[in-house]
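>>> predicted coordinates and the sequence they were generated for:
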Amino acid sequence: MEREFREASDMRPSVVGLAMVLAVGAILRFWALGSGIPFAVGPDEPEIMTRVVRMMQTGDFNPHVFGDPALYVYVQLAVACVRFVLGVGAGAFGSLASVSDANFYLWGRAVTALLGTATVYLVYLTGMRWGARHALLAAGLMAVIPDHVRESHYVLTDVPMAFLTTLSFLLTLRALEKQTLGGFAWAGAAAGLAAATKYCGGLMLVAPVLAALLTPNPPRPRRSFALAAVGAAVGCFLVAAPYTVLDLPGFLNGVAGALPSRAPNAEPGWLASLGHVSVTLWYPGMVLLFWGFVLGVVRAILGPGKVRFTLLVVFPGIYFLLMSARTQIFARHLMPLLPFISLLAAIAIVSGVTVLRRFAIPRPARTSLIVALTVVAVLPPAVSSIAWARAHGRPSTYTQAYEWIVGHVPSDAGVVVESGTFRLPRPYRSMNVRQLIDRDYETYVRGRITYAVLAGEGSAAVFDAPASDPNRFARYRKLLDRMSLVAAFKRPPAGRSPDIRIFRLTDDASAAEPTRAPK
């Protein structure tokens, strides 16, 4: 029967092995967790944290922005309230008016890192439906996948959504085993919460509904299982993101903006998505992934474990195809696929080698092959994750520039920053722009801007190759020639942050003597 299907069922769960995998996963995700706070946070982190602080200070729980649903905003709001209360007790805060989003990033990131580590455990529990070796190997790969390690460092919705989609898949397998209405309702509820975290997480509802329709020898009509899953998903989505109904126009406009079509001349979405996966898995991992997917399709057709394997290959296939139709495809958009990728790679290694029993190959030889393939699959992503975590924890040009500003720029000075990443917290009166040349010198002076920061994102290409865009280069030169260069920080050869230059605006820049920039 489906509910009794296991591979490698003679293998006992390894408590020590699981503890080691979870420890590695946690270390990688909490490593240098506070790096960049408060001046170089992730590009989209402020979208969550500024809403959290606004809700704390106003009591208005309408997110007003619906590019993503609000569940993770509410989770972060609860965490920020705890942080504020404890901070008041410690004398760090005097009132809500004295706080900013900078005060809550570290705690918020810790929640994401915790959910990322918990996802590794969920992958293990899911893998146990195939066998202990599958479970430990899949969890080990999930623990070191670079994309998941990186995104677990930020207050963003992708890692929490991946946690909830993985939970929904695990609960779906459990519901398939128990064959109860409650089991399918729980699986649907997790899918609804995933949708309330990020709209595309709602695709996970395919798994419990499909499992309900394919349940072998059910004790009650299959449609009742499916309706339980759908009803729980809809209910949990509305409870977790109530303003999708209370502010229906805002929600509908948000959905429209979150799911645009790809431009006709853009790179094929499936190719861009495969590129992101290949970067995080490396080529050996990609080969194992494809082999695992082929094995999954074969098992879904021929068995044993037809329903289980069908669920394993259908959701990632649908999600991959639909996400490939997006206008912009970033690696973090593929987070829900990574647990499935880990499971498929583990199946390719363990189940693929198990096939060699038919050729009377000794067990020690098969075990050695599994170990070798495990090293090939896990080691390259692990090396990449460690390298990223080490680089993330090193002082960057953002750190150097921020420390210089704190030491040299008055706290009430106006600062314009050409960067989406480098942000100055209060008390600085700062503004971030895409291009410094979008406004003229006089406009900045009228806005009481005293300093201008070029962090390389908008202007690096222009200054590296002036002939590529001479008109734009001339506009930058015309603007910057009226300013004085007061500091410059060059990116080290292996650094991840850009070159940064800081200029001072003067009433008569032509008469000002530029300050020598530090080396």
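Okay, I see it. Keep in mind that what you see is a predicted model, and the values were worked out from it rather than measured. Numbers count the residues shown, from 1 in each chain.
>>> shaky segments in the stretch 101-250 of the chain?
Within the stretch 101-250 of the chain, not a single segment meets pLDDT under 70.
>>> let me see the mean pLDDT of stretch 467-478.
What stretch 467-478 shows for mean pLDDT is 89.
>>> actually stretch 374-389, not the one I typed
94.
>>> likewise for stretch 506-514?
On average, stretch 506-514 scores 46.
>>> part of a helix, is F422?
No - judged by DSSP: H, G, I helix; E, B strand; the rest coil, F422 forms no part of a helix; its state is coil.
>>> the helices in the stretch 301-450 of the chain, which residues?
306-323, 337-354, 363-393, 397-408, 441-446 (DSSP state H, counting those that start in this stretch).
>>> so what does the last one touch, helix or strand wise?
I take that to be helix 441-446. Counting contacts by 3 or more CB pairs under 8 Å, 6 or more residues apart in numbering; DSSP states H and E, helix 441-446 packs against strand 500-505. Where you see a C-beta, it was placed from the backbone N, CA and C, and this is true even at glycine.
>>> strand partners of the strand it packs on, parallel vs antiparallel please.
Here strand 500-505 is paired, per DSSP bridges, with strand 449-454 (antiparallel), strand 483-489 (antiparallel).
>>> end to end on stretch 454-461, go ahead and measure it.
Start and end residues of stretch 454-461 are separated by 12 Å (CA to CA, to the nearest Å).
>>> contacts for that stretch next, please.
398, 401, 417-422, 433-436, 468-469, 476, 491, 498-503 (CB atoms under 8 Å, 6 or more residues apart in numbering).
>>> among those residues, the buried ones, what's the PyMOL command?
In PyMOL, this line selects whichever of the contacts of stretch 454-461 come out buried by 16 or more other CB atoms under 10 Å:
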select buried, resi 398+401+417+418+419+420+421+422+433+436+476+498+499+500+501+502+503
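>>> what's the closest residue to L106 other than its chain neighbours sitting at in phi/psi?
Using CB to CB, 6 or more residues apart in numbering and skipping the chain neighbours, the partner closest in space to L106 is G34 (5.0 Å). When quoted as degrees, to the nearest 10, the phi and psi of G34 stand at phi -90, psi 10.
>>> can you pull the contacts of G34?
So G34 contacts 105-106, 109 (CB under 8 Å, 6+ apart).
>>> domain ranges for this protein?
Here the chain is described, according to automatic domain parsing, as comprising the domains 2-38+108-393, 397-511.
>>> C-terminal to the helix or strand encompassing A19, what's the next element?
Secondary-structure assignment from DSSP states H and E places A19 in helix 15-30. On the C-terminal side of helix 15-30, the nearest following helix or strand under DSSP H and E is helix 45-58.
>>> starting at the chain centroid, how far to that next one?
19 Å (CA atoms, centre = their mean, to the nearest Å).
>>> my read: Y74 touches A240, true?
Yes - assessed by CB atoms under 8 Å, Y74 is found in contact with A240 at 7.4 Å.
>>> check the gap between V120 and S100 for me.
33 Å (CB to CB, to the nearest Å).
>>> the two - which one has more neighbours?
Using other CB atoms under 10 Å as the criterion, V120 and S100 rank with V120 on top: 30 against 15.
>>> quick one: that one and A232, what's the gap?
On the measure of CB to CB, V120 and A232 end up 26 Å apart.
>>> same check on T166?
17 Å.
>>> list the buried residues of the one helix or strand V245 maps to.
Element membership for V245, per DSSP H and E: helix 243-246. If you call a residue buried by 16+ other CB under 10 Å, then helix 243-246 has these buried ones: 243-244.
>>> which one of the helices of the stretch 301-450 of the chain is the most hemmed in?
Most buried of those by mean neighbour count (mean count of other CB atoms under 10 Å) is helix 337-354; its value is a mean of 25.
>>> elements contacting that helix?
Counting contacts by 3+ CB pairs under 8 Å, 6+ apart, helix 337-354 packs against helix 105-127, helix 132-144, helix 158-178, helix 269-302, helix 306-323, helix 363-393.
>>> what's the angle between the second one and helix 105-127?
Meaning helix 132-144. Interaxial angle of helix 132-144 relative to helix 105-127 (axes from the mean of the first three to the mean of the last three CA atoms, to 10 degrees): 160 degrees.
>>> if we can go back for a sec, kindly reformat the helices and strands packed on helix 337-354 as a markdown table containing distance to G94.
Formatted as a markdown table, the helices and strands packed on helix 337-354 follow (distance: least, CB to CB, whole Å):
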| stretch | distance to G94 |
| --- | --- |
| helix 105-127 | 19 |
| helix 132-144 | 42 |
| helix 158-178 | 32 |
| helix 269-302 | 45 |
| helix 306-323 | 46 |
| helix 363-393 | 32 |
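>>> ok, and the closest non-adjacent residue to G269?
S324 (3.1 Å).
>>> hang on, that neighbour packs against W270?
Yes - contact criterion CB under 8 Å: S324 and W270 qualify, at 4.4 Å.
>>> returning to that earlier point: tell me the most buried of the domains of the chain?
Mean neighbours per residue, mean count of other CB under 10 Å, is largest over the domains of the chain for domain 2-38+108-393, with a mean of 20.
>>> centre of the chain versus that one, how much separation?
Going by CA atoms, centre = their mean, where domain 2-38+108-393 is centred and where its chain is centred differ by 13 Å.
>>> now do stretch 80-94
28 Å.
>>> buried ones in it, by neighbour count?
Applying 16+ other CB under 10 Å to stretch 80-94 flags 80, 83-84, 87, 93 as buried.
>>> helix, strand or coil for V75?
Going by three-state DSSP: V75 is helix.
>>> so what's it closest to, chain neighbours aside?
V111 (6.7 Å).
>>> looks like that neighbour contacts A78 (just checking).
No - look at V111 against A78 with CB under 8 Å: they stay out of range, at 9.5 Å.
>>> hmm, back to that, out of the contacts of G34, which one sits closest to A143?
R109 (18.2 Å; CB to CB).
>>> do you know how far the spatially closest residue to that closest one that is not a sequence neighbour is from W186?
Spatial nearest neighbour of R109, chain neighbours left out: L33 (5.2 Å); criterion: CB to CB, 6+ apart. Distance check for L33 against W186: by CB to CB, it reads 31 Å.
>>> and if you look at T119?
Relative to W186, and taking CB to CB, T119 is found at 18 Å.
>>> same check, this time on Y402
For Y402, the distance to W186 - CB to CB - is 46 Å.
>>> what's near enough to touch the nearest residue to G201 once chain neighbours are set aside?
Distance criterion CB to CB, 6+ apart; nearest residue to G201, sequence neighbours excluded, is A194 at 3.1 Å. By CB under 8 Å, 6+ apart, the contact set of A194 is 161, 164-165, 168, 201-202, 204, 336.
>>> isn't there a helix covering A194?
Yes - with three-state DSSP as the criterion, A194 is part of a helix.
>>> before we move on, the earlier item: make a markdown table from the contacts of A194 and add distance to A460 to it.
As requested, the contacts of A194 are exported to a markdown table (distance: CB to CB, whole Å):
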| residue | distance to A460 |
| --- | --- |
| M161 | 32 |
| L164 | 38 |
| T165 | 37 |
| S168 | 42 |
| G201 | 35 |
| G202 | 39 |
| M204 | 40 |
| P336 | 33 |
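>>> pretty sure H134 is one of the things V350 touches, is it not?
Yes - between V350 and H134 there is a contact under CB under 8 Å: 5.2 Å.
>>> look at P219 and tell me its secondary structure.
coil.
>>> hang on, it packs against Q179?
Yes - when contacts are counted by CB under 8 Å, P219 is listed as touching Q179 (5.9 Å).
>>> and A190, its phi and psi?
phi -60, psi -40.
>>> now it: how far from A228?
When A190 is compared with A228 (using CB to CB), they lie 13 Å apart.
>>> ok, and the closest non-adjacent residue to A487?
Nearest residue to A487, sequence neighbours excluded (CB to CB, 6+ apart): I502, at 4.2 Å.
>>> may I have the beta-bridge partners of the one you found?
V453, A487.
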